[in-house]
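1. just a sequence and a predicted model for now, questions to come.
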Amino acid sequence: MSHIMRLGWRRCRMAVVGLGAVCGALLLIASPEAARGQFEQLAGRIPADANVAVFVNGDAIFSSPIAKQQGWGKNRQKMYDAGIAFLPPRAHTGVLAAHLDLQLMLPLWELSLFQFDRELKAVDIAGHTGGQLDKIISTPVVSTGFDSYIVPFEDSVVGMMMPADRQKVGRWIRDYSSTRTPALSPYLAEAYHFASEHKTPVVMAMDLQDVVSFEHVFKALSASEISKGLEVKQIEEAAQVIGSLRGVMLGFTVRDRIYGKIRVDFAKSAAPLEKIGKPILLAALAKHGASIDEFEQWEPKVSGNQFALEGPFDYSGALRISTLLHRPATVAKSQVEETTTPTPPLPPETLAREASKTYFSKVAGLLRDLKVDSRELKTWGNLALWMEKYANRIDQLPVVNVDPDLVDYGSKTSETLRQASSTLRRGLAAGGQAARNVPTQYQSYTYGDVYGYTYRWGLFGAGYVPYGYANTVTVVDNVATEKLRTKARSNTVNQAASDARPLVEELSRTTGEIRKKMSTKFGVEF
């Protein structure tokens, strides 16, 4: 059903934002007016051709009941290091944007912008990140080892653009070196309005105007199990709604806990989707390998031209969504508040032990969160995106003082996850091709009319026989065709999952081996 709703979460590294917990790392509380001004400074630097945007409102998150109760401000560095916080601890607000090729589902460019609490110089950023100082249009920039450029602007704003295309970065600096009035598409402008005016803590928006067609959706729905029991008119009405798709927003509010909402906007009333909107949306996400367990429990709701799913989010979902984002480098020399009490230096053995334990626990935790072992083989295709993103997260873990054998294990683990992800992705692509290779099925019908009866003489018998005409017509059987195509697609994807299984099983073995080795070496349980 991916062709029903092209939700571009397949291979989009900046597709959705990672919840209120993502922003528990925010440092300061700003007034609503200041927060609005900060968003203007950031959103005004988003190129006009962006079709994906994410807005993170630090004021709304940091002042929430759960943030105060759990002391997010005190734990912001730990949350950032653990990978569940996205914004650097000294960043007040953040804006992310990308231009996604909606046919290939690949970002042509992506950028992030952060408002820090102080000016940051390129030379300091280069020294802290290990990047290389460079200049583009006389502007000091930092070339990183992650195919990106970091650009410190004025007014304490730091931007990062990927890929490291000097020409693209140069045009960005030239056109957006100073704050401009946001030149967003109408749909992204709505998300900006929610973030800046309504102080919605976290808002992600994807502009999907003109992406789907009625004809394509109608054919897919007609053959899908989702529409089983519906009349043709009902299927047509639903297809008309989906064909008018404008975009998708994913937002989070932070109260006593974290709540999420997926909002799908159309140009027509969404009433025909009241019963089938949720299975269609979940099927679209699964088709792109981007399923999240919590979505299954979320409540559907139709209001005007919107279809929505909403419900609570847990740690696992927060971590999974945060992996979709390319986290910025730690650009500041110190992103935690200075302490007045100096701490004595630790022995090298202690540093190595503690750093290694932390590193191993994070890698093992990411593997547990994938929940591969507990899933049925037929759902493995849904994990392709998450395997790739978790591999990226492992590569981003700090390795200072970590045992070399453990670092090697982490590198091999991320590579294995990428191999499994690639195997599943090839299966998804091959499944689509297998479905297209299924020949169109036809159904023949005979029709005619009898005018009367006449007496027939003949050598082999005689009697009254009817006379009239009869014809046979052959028509396309869309239902039978799509059923065969679905079966062909499923068989191919399941085979890819079978091919990926040994790779994942190998991870369990190597994890057990390195745990035993490190526990013996350091004399503590890993």
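-> In hand now; what should we look at? Numbering: from 1, shown residues only.

2. what about Tyr390, distance to Phe194?
-> For Tyr390, the distance to Phe194 (Cβ to Cβ, to the nearest Å) stands at 30 Å. Where you see a C-beta, it was placed from the backbone N, CA and C, and this is true even at glycine.

3. what does Ala270 give?
-> According to Cβ to Cβ, Ala270 and Phe194 sit 19 Å apart.

4. state the pLDDT value of the nearest residue to Val52 once chain neighbours are set aside.
-> In this structure, Val52 finds its nearest non-sequential neighbour in Ala98, 4.3 Å apart by Cβ to Cβ, 6 or more residues apart in numbering. On the pLDDT scale, Ala98 is placed at 91.

5. compare neighbour counts for Tyr390 and Phe194 and give me the winner.
-> Using other Cβ atoms under 10 Å as the criterion, Tyr390 and Phe194 rank with Tyr390 on top: 25 against 17.

6. how close does the more buried one get to Thr510?
-> According to Cβ to Cβ, Tyr390 and Thr510 sit 16 Å apart.

7. and Val400, by the same measure?
-> 23 Å.

8. the more surrounded of the two?
-> Just comparing Val400 and Thr510: by other Cβ under 10 Å the higher neighbour count belongs to Thr510, 13 against 8.

9. quick one, phi psi at Arg90?
-> Torsion angles at Arg90 (phi, psi; degrees, to the nearest 10) stand at phi -90, psi 10.

10. start the count at 50, not 1, going forward
-> Let's use 50 as the start, then, which means that last one is Arg139.

11. just so I have it, where are all the strands in this protein?
-> Using DSSP state E, the strands of the chain run over 101-105, 140-150, 155-165, 181-185, 188-192, 198-201, 206-211, 251-256, 294-303, 307-315, 348-352, 355-361, 491-505, 512-525.

12. now distance to Glu464 and mean neighbour count too, for those, in JSON lines please.
-> Output for the strands of the chain, formatted as JSON lines (distance: least, Cβ to Cβ, whole Å; neighbours: other Cβ atoms under 10 Å):
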{"stretch": "strand 101-105", "distance to Glu464": "28", "mean neighbour count": "27"}
{"stretch": "strand 140-150", "distance to Glu464": "26", "mean neighbour count": "25"}
{"stretch": "strand 155-165", "distance to Glu464": "21", "mean neighbour count": "22"}
{"stretch": "strand 181-185", "distance to Glu464": "26", "mean neighbour count": "14"}
{"stretch": "strand 188-192", "distance to Glu464": "25", "mean neighbour count": "21"}
{"stretch": "strand 198-201", "distance to Glu464": "26", "mean neighbour count": "24"}
{"stretch": "strand 206-211", "distance to Glu464": "21", "mean neighbour count": "23"}
{"stretch": "strand 251-256", "distance to Glu464": "29", "mean neighbour count": "27"}
{"stretch": "strand 294-303", "distance to Glu464": "30", "mean neighbour count": "23"}
{"stretch": "strand 307-315", "distance to Glu464": "32", "mean neighbour count": "22"}
{"stretch": "strand 348-352", "distance to Glu464": "39", "mean neighbour count": "14"}
{"stretch": "strand 355-361", "distance to Glu464": "35", "mean neighbour count": "19"}
{"stretch": "strand 491-505", "distance to Glu464": "48", "mean neighbour count": "10"}
{"stretch": "strand 512-525", "distance to Glu464": "46", "mean neighbour count": "10"}
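
13. make JSON lines from those strands and add distance to Tyr458 to it.
-> Below are the strands of the chain laid out as JSON lines (distance: least, Cβ to Cβ, whole Å):
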{"stretch": "strand 101-105", "distance to Tyr458": "33"}
{"stretch": "strand 140-150", "distance to Tyr458": "31"}
{"stretch": "strand 155-165", "distance to Tyr458": "30"}
{"stretch": "strand 181-185", "distance to Tyr458": "29"}
{"stretch": "strand 188-192", "distance to Tyr458": "29"}
{"stretch": "strand 198-201", "distance to Tyr458": "30"}
{"stretch": "strand 206-211", "distance to Tyr458": "28"}
{"stretch": "strand 251-256", "distance to Tyr458": "34"}
{"stretch": "strand 294-303", "distance to Tyr458": "34"}
{"stretch": "strand 307-315", "distance to Tyr458": "32"}
{"stretch": "strand 348-352", "distance to Tyr458": "42"}
{"stretch": "strand 355-361", "distance to Tyr458": "35"}
{"stretch": "strand 491-505", "distance to Tyr458": "56"}
{"stretch": "strand 512-525", "distance to Tyr458": "55"}
